[in-house]
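**Student:** what's the 3D shape of this:
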Amino acid sequence: MARVLLVEDNEMNRDMLSRRLTKRGYDVEIAVDGAEAVSMATANPPDLILMDMSLPIMDGWTATRTLKGEAATAAVPVIALTAHAMAGDQERALEAGCDDFDTKPVELQRLLGKMESLLATE
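**Tutor:** Presented below is the predicted three-dimensional model:
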């Protein structure tokens, strides 16, 4: 069972997505801001990170750059989750080190496909 760190500050989004992923067999851990995500991931690296980009304390771009700069977490795939669907947002997430990008509201089948693809290449 793959361990996924879900980084999401919105309680409704967090609850909905974590329940749906748990139902699909993922072991889901939750962080509510970028600083907590960095702390949790460096202490016990997950198999994959779902990173909201608009977070309190430390945003998702900074948290991803930090994680990709650490030896223990550099290889952990990160999927950016964002309501920012403007031109350039995907490029900005990829430049920060995200391995893929998905928009909110999350379309579960599309997200699962991206997750499975990244987990298969580990």
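
**Student:** what comes up buried for stretch 77-87?
**Tutor:** By 16 or more other Cβ atoms under 10 Å, the buried positions in stretch 77-87 come out as 77-82, 84. (Glycine included, C-beta is placed from N, CA and C.)

**Student:** Redo the residues you listed as TSV? Include secondary structure.
**Tutor:** Shown next, in TSV, are the buried residues of stretch 77-87 (DSSP: H, G, I helix; E, B strand; the rest coil):
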residue	secondary structure
P77	coil
V78	strand
I79	strand
A80	strand
L81	strand
T82	strand
H84	coil
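
**Student:** Going by distance to E107, which of those wins?
**Tutor:** Lowest distance from E107 to those (Cβ to Cβ) belongs to L81, with 11.3 Å.

**Student:** right, and the closest one touches K104 too?
**Tutor:** Yes: assessed by Cβ atoms under 8 Å, L81 is found in contact with K104 at 6.0 Å.
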